[in-house]
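Engineer: sequence and predicted structure below; questions after.
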Amino acid sequence: MSDYDSQHEAEELERDSASAARLFDVRRIIGGLFVVYGLIVTIAGITATDADLKKAQDININLWTGVGMLALGLFFLVWMKLRPAAPPTVDELRGGTGPSGAAR
C-alpha cells in the first residue's frame with residue numbers, strides 16, 4: 001500500500017469517527033428528549049383547567065415542570081454545540097488504545 005493510500009485511508013477513518021462521535025453524543029439524545037417532553041408538559045400546563053389547578057393547590061406544576069425540562073434540554077444542546085465531542089485520533093483507532101492511552 002502506498003503512502004498516499006494509507007494517508008487517504010487515515011483521513012477517511014478520521015472523518016467517519018468524527019461524524020459518529022457527533023451523531024451518538026449522549027448530550028444530543030438527553031437534550032432532545034428533554035426538549036420534546038418539556039414542550040408536551042408545558043402545553044399541558046398552559047391548557048390546564050381550574051379543576052386541575054385546584055388539585056395542585058393552585059400551583060400549575062405542569063407549566064413549571066415543563067419550563068424546567070425545556071431549560072435543561074436547551075442547556076444540554078447548547079453545551080453540545082459549544083463543546084463538541086472530540087473524536088479519537090487515527091493513532092488511537094489503529095493502535096487499539098483508548099483516549100487515556102490504556103490498552104483495551
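Structural biologist: Ah, there it is.

Engineer: how many residues are close by Val35?
Structural biologist: By the other C-beta atoms under 10 Å criterion, the neighbourhood of Val35 contains 18 residues. C-beta coordinates here come from the backbone N, C-alpha and C atoms, glycine included.

Engineer: then Tyr37?
Structural biologist: 15.

Engineer: so it is in which element?
Structural biologist: Assigned by DSSP states H and E, Tyr37 belongs to helix 26-46.

Engineer: tell me which helix or strand comes right after that helix.
Structural biologist: Counting by DSSP H and E, the next helix or strand C-terminal to helix 26-46 is helix 50-55.

Engineer: list the buried residues for the helix holding Tyr37?
Structural biologist: Neighbour counts over helix 26-46 (16 or more other C-beta atoms under 10 Å) mark Arg27, Arg28, Ile30, Gly31, Phe34, Val35, Gly38, Val41, Thr42, Ala44, Gly45 as buried.

Engineer: what's the spacing between the first one and Gly38?
Structural biologist: Applying C-beta to C-beta, to the nearest Å, one obtains 15 Å for the distance of Arg27 from Gly38.

Engineer: out of the buried residues of helix 26-46, who's nearest Asp58?
Structural biologist: Within the buried residues of helix 26-46, the smallest distance to Asp58 is 13.1 Å, found for Gly45 (C-beta to C-beta).
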